[in-house]
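A.B. asks: Model the structure of this input:
(one chain, ligands or ions: 3)
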Amino acid sequence: MAESHSGLRARLKRSGHKLTHARIIVLAALEASGGHITSTELLERVQAADSGIGRATIFRTLDLFTRIGIVRPTYIGTSTTPTYVLMPEGHHHHVICTNCNLVIEFDECDLDDLATRLEAQLNVQLSGHLLEFYGLCADCCAISAEQGDD
Ligand SMILES: [Zn+2]
Ligand SMILES: [Zn+2]
Ligand SMILES: [Zn+2]
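C.D. replies: Ligands and ions are numbered 1, 2, ... in the order given. Down below sits the predicted model:
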């Protein structure tokens, strides 16, 4: 936990942005979230930590963090508001069950070659990825096998 926190700070520094008080508080709130947080939850956490940090500052900070790849918005569960996922090492991976919305995290990543190829092919500079696989979790597989409907 402490390690990924310093990872986020390092990314912010590398991007050439200052570690302002508000940014440090927002980073800490993101970190305390354990990896996923909605903007509403983030507002609550940040304002609980320091009520002097306004809504506009928090959203501006979230925009900055999105732009430099510290977080990415995603739609998991049934929520209509995006959940922000942390990208301390520049990537984040999910397997999402399309039936029960279970989100399984995994760390294994074999995409360096693909990223290098894409950079050459498309003439782009990649800073990270959010990878989501969709399908049925083990429980939902078992249920659908029982019911015999696929
Ligand atoms: Zn499921
Ligand atoms: Zn996640
Ligand atoms: Zn990855």
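A.B. asks: For the spatially most central residue of the chain, which three-state class applies?
C.D. replies: Centre of the chain computed as the mean C-alpha position; nearest residue by Cα atoms, centre = their mean is residue 85, 1.5 Å away. Following DSSP: H, G, I helix; E, B strand; the rest coil, we place residue 85 in the strand state.
A.B. asks: What's opposite it in the beta bridge?
C.D. replies: residue 36, residue 72 (DSSP bridges).
A.B. asks: Would you map out the domains in the chain?
C.D. replies: 1-89, 90-150 (automatic domain parsing).
A.B. asks: Lowest average confidence across those domains, which one?
C.D. replies: Lowest mean pLDDT of those: domain 1-89, a mean of 87.
A.B. asks: roughly how far out does it sit from the chain middle?
C.D. replies: The gap between where domain 1-89 is centred and where its chain is centred comes out at 9 Å by Cα atoms, centre = their mean, to the nearest Å.
A.B. asks: what do you get for stretch 141-150?
C.D. replies: 32 Å.
A.B. asks: buried ones in that stretch?
C.D. replies: Within stretch 141-150, no residue counts as buried by 16 or more other Cβ atoms under 10 Å. In short, each C-beta sits where N, CA and C put it, glycine included.
A.B. asks: so residue 63 sits in a helix?
C.D. replies: Yes - according to three-state DSSP, residue 63 belongs to a helix.
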